[in-house]
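A.B. asks: mind looking at a prediction? Sequence and model below.
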Amino acid sequence: MPQEIENKCCGQQKCVTTHTRFQKLCLDPDVLQLTIRNRGDIRNDREDNSSRSFRKASYRQYVLDHYGYLGKGNRKVCPACVVKVVRCHYPSQTDVYMEFRHE
């Protein structure tokens, strides 16, 4: 990962990405499609089914499951193992990815 803050592991003996719960909540395309629709409905956004949108939904799902609702401006870093698996499942066509934003 490009930033030091992003270079952290989940810290579990068995990586969080191997858990069934992670696979279902954070990687399942049907679950992610529903979260994208739900967020779009709340924010009155157009539906976006791009890989980028699926990656962002996946990260949000992980953070929500792991930390609960954080609120505006309160951000948490996804472990590098989570980012790696999500990028593998929903790759960027240009191989360019957004870094963690602190604000």
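C.D. replies: Ah, there it is.

A.B. asks: going forward, measure contacts between C-alpha atoms and count neighbours the same way
C.D. replies: OK.

A.B. asks: tell me who's in contact with the residue nearest the centre of the chain.
C.D. replies: For the chain, the residue sitting closest to the mean C-alpha position, by CA atoms, centre = their mean, is residue 59 at 1.2 Å. Under the criterion of CA atoms under 8 Å, 6 or more residues apart in numbering, the neighbours of residue 59 are 26, 78, 83, 86.

A.B. asks: which of those residues fall within helices?
C.D. replies: 83, 86 (DSSP state H).

A.B. asks: a markdown table for the contacts of residue 59, including pLDDT, distance to residue 95 and neighbour count?
C.D. replies: A markdown table is the format used below for the contacts of residue 59 (pLDDT from 0 to 100; distance: CA to CA, whole Å; neighbours: other CA atoms under 10 Å):
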| residue | pLDDT | distance to residue 95 | neighbour count |
| --- | --- | --- | --- |
| 26 | 96 | 20 | 26 |
| 78 | 85 | 19 | 21 |
| 83 | 90 | 14 | 18 |
| 86 | 93 | 13 | 21 |
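
A.B. asks: which pair in the contacts of residue 59 has the greatest spatial separation?
C.D. replies: Between any two of these, the greatest separation by CA to CA is 11.8 Å, found for 26 and 78.

A.B. asks: still on that earlier bit, what is the nearest of the contacts of residue 59 to residue 53?
C.D. replies: For the contacts of residue 59, the closest approach to residue 53 (CA to CA) belongs to residue 86, at 11.5 Å.

A.B. asks: I figured that closest one hits residue 57, correct?
C.D. replies: No: with contact defined as CA atoms under 8 Å, residue 86 does not count as touching residue 57 (10.0 Å).

A.B. asks: tell me, what's touching these two both at once?
C.D. replies: Shared contacts of residue 86 and residue 57 (CA under 8 Å, 6+ apart): residue 26.

A.B. asks: starting from the lowest-mean-pLDDT helix or strand in the chain, tell me the next helix or strand along the chain.
C.D. replies: Of all helical and strand segments in the chain, the minimum by mean pLDDT, DSSP states H and E falls on helix 29-43, at a mean of 82. Later in the chain than helix 29-43, the nearest helix or strand by DSSP states H and E is helix 51-67.
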